[in-house]
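**Q** Just to be clear, the model below is a prediction. Sequence and coordinates:
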Amino acid sequence: VRSALITDDVVAQLYGQQFCKELKSELFSFPSGETSKTRETKQRLENELLEKGFSRDTTIVALGGGVVLDLAGFLAATFCRGVDLVLIPTTLLAMVDAAIGGKTGVNTPQGKNLIGAFYFPKQIVIDLRFLTTLPQPEIWNGTVEILKAGLIGDQELFVNFSDLSWKERIQRAIEVKRRIVAQDLEERGVRRVLNVGHTVGHALETVSNYQLSHGQAVAMGIALEARISHAMGFLSCKDLAEIEKRFPPLAFDYDLDTVVQVMKLDKKIKDGTLYFALLKEIGSVALVGVPLEEVACAMRTC
Ligand code: ADP
Ligand code: ZN
């Protein structure tokens, strides 16, 4: 069995040699960043693999953040109609998010992740040592997603976050995501609860022209969606206060009417109603429709 290690140039620089030696793999890399996550990059890597004689018995090892995992995973899904895949996430976010759930894919000019496949790895390797080289904003991106997992399905993970070790935080966040994915392998419904904070969060990313990181946007998204939930009569004052303590929505000066306009275009709307995964309490979620004209107001109040 030959293995091909796919990574980006930043991770290659830090960990490429070491892992190629350990795994007796050949290294294939591409420029880091979301803009590399394209069909063109995939095609270029596929040609390189074929030229080097890789075929059906290949194992693809994806070493990197979400970008690498999504792209290399999709490549593994189609290479010779599917070859073995091993995921080694190197960002905190990828450990708890991209590596779990079997979603792979690439971006197109029309939007993110529009071309891809569900494809599950044979193995996932989580190694905390990668976190030592991860820049602080990347740690925050992952932290927000871990706290989100707590809000969705593990109250203790959210409330006692500060007292837990990284190992426990990661394990528990993975456990929440696994539990949800298992109920909905192909994203027909239940998996939408994972979108907590992301309906508003994605709109904020757009409105800020991607000046906000995913983590910053989702953190504000969680706080603002918590207000909506409170206004709709779900989330208690106590839980809302708990959430705003972690994610202060104050750091926020975007026009909320514009944010609503963006969500409206984001096709989560049906008959004048926007659909959200809203927290009922810390640790549980419901899918709720909110009349469009009430959304901005609900985000403002409190
Ligand atoms: P994600 O945050 O979705 O996992 P990326 O795959 O784009 O996103 O990774 C974010 C950035 O961090 C990229 O520039 C990547 O090269 C870099 N990176 C990934 N893992 C590490 C690491 N362990 N140490 C330092 N930088 C890393
Ligand atoms: Zn996210």
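**A** Right, received. Where do you want to start? Ligands and ions are numbered 1, 2, ... in the order given.

**Q** Need phi/psi at the spatially most central residue of the chain.
**A** With the centre of the chain defined as its mean C-alpha position, the nearest residue by C-alpha atoms, centre = their mean is D97, 4.7 Å away. Per-residue torsions, D97: phi -120, psi -70 (degrees, to the nearest 10).

**Q** gap between it and N141?
**A** Look at D97 and N141: by C-beta to C-beta, to the nearest Å, they are 9 Å apart. From N, CA and C alone the C-beta is placed, and that goes for glycine too.

**Q** And for Q155?
**A** From Q155 over to N141 (counting by C-beta to C-beta), the distance is 22 Å.

**Q** Looking at the two, which one has more neighbours?
**A** More neighbours sit around N141 than around the other of Q155 and N141, counting by other C-beta atoms under 10 Å; the figures are 25 against 15.

**Q** In terms of helices and strands, where is the more buried one?
**A** When elements are assigned from DSSP states H and E, N141 belongs to helix 136-153.

**Q** Counting by contacts, list what the very next helix or strand once past that helix packs against.
**A** If you walk from helix 136-153 toward the C-terminus, the next helix or strand you reach (DSSP H and E) is helix 155-159. Using 3 or more C-beta pairs under 8 Å, 6 or more residues apart in numbering; DSSP states H and E as the contact criterion, the elements in contact with helix 155-159 are helix 136-153, helix 166-182.

**Q** gap between helix 155-159 and the chain center?
**A** Mean C-alpha position of helix 155-159 versus that of the full chain (C-alpha atoms, centre = their mean, to the nearest Å) differs by 20 Å.

**Q** Check K21 and give its pLDDT.
**A** According to the prediction, K21 has pLDDT 95.

**Q** Can you give me the neighbour number for the closest residue to the residue nearest to the centre of the chain other than its chain neighbours?
**A** Taking C-beta to C-beta, 6 or more residues apart in numbering, and ignoring the residues beside it in sequence, D97 has E145 as its nearest neighbour in space, at 5.2 Å. Neighbours of E145 under the rule other C-beta under 10 Å: 25.

**Q** ok, now which ones touch E145?
**A** Contacts for E145 (C-beta atoms under 8 Å, 6 or more residues apart in numbering) come out as L92, L93, V96, D97, A173, G215, V218.

**Q** again, only this time at 7 Å
**A** L93, V96, D97, A173 (C-beta atoms under 7 Å, 6 or more residues apart in numbering).

**Q** quick one: pLDDT of it?
**A** At E145 the predicted local distance difference test score is 97.
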